[in-house]
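Enquirer: The amino acid sequence is not available; the structure is as follows:
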């Protein structure tokens, strides 16, 4: 017999369960739920091994392959990209990931996650919002208000997004 026959089934809700710490960039403190709703069908967050993925999520974009959600339902899509929260992180894949997020949002809720849901996931979620018509300022403000003021504390990520805004406006 395996397991505890008297064990209680305990469910955790990642929209309520929180994580806290201090981000490397700027020694920025944060206290956030594991996942937050940013916009229609767009969720952003962090991850912890074994945390159950909410059943309403239909698409997952993981930018942190070192930890995984427990998935107990069939997803419509799953994308995993290794990305680092470093100031010299390359950006060539951001556009494609953001475009994919927006395609998936048309059919159901998308969770974009990294480790804490502050920088990598903010980078691509913000770009997805920009591709749907928002300026960099508006998208960054929306992410910070919906998720945390600590989002995009990696200065190179915010600079990159603002440079795209200038290019988008020029074209």
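Expert: Arrived safely, thanks for sending. This one's a predicted model, so the numbers in the text were calculated from it and none came from an experiment. Numbers count the residues shown, from 1 in each chain.
Enquirer: Name the residues of stretch 73-84 that come out as buried.
Expert: By neighbour count with 16 or more other Cβ atoms under 10 Å, stretch 73-84 contains the buried residues 79, 81, 83. Heads up, the C-betas are built off the backbone N, CA and C, glycines and all.
Enquirer: out of everything not next to it in sequence, what's closest to the first one?
Expert: Spatially, and ignoring its direct neighbours in sequence, residue 79 is nearest to residue 61 (4.8 Å; Cβ to Cβ, 6 or more residues apart in numbering).
Enquirer: now swap in the last one and tell me
Expert: In space, residue 83 comes closest to residue 63 once its chain neighbours are excluded; the distance is 4.4 Å by Cβ to Cβ, 6+ apart.
Enquirer: ok so, going back, mind checking the SS state of the residue nearest to residue 79?
Expert: strand (DSSP: H, G, I helix; E, B strand; the rest coil).
Enquirer: so it makes contact with residue 114?
Expert: No - with contact defined as Cβ atoms under 8 Å, residue 61 does not count as touching residue 114 (9.5 Å).
Enquirer: In contact with the residue nearest to residue 83: list those residues for me.
Expert: Under the criterion of Cβ atoms under 8 Å, 6 or more residues apart in numbering, the neighbours of residue 63 are 81, 82, 83, 97, 112, 113, 114, 120, 121, 124.
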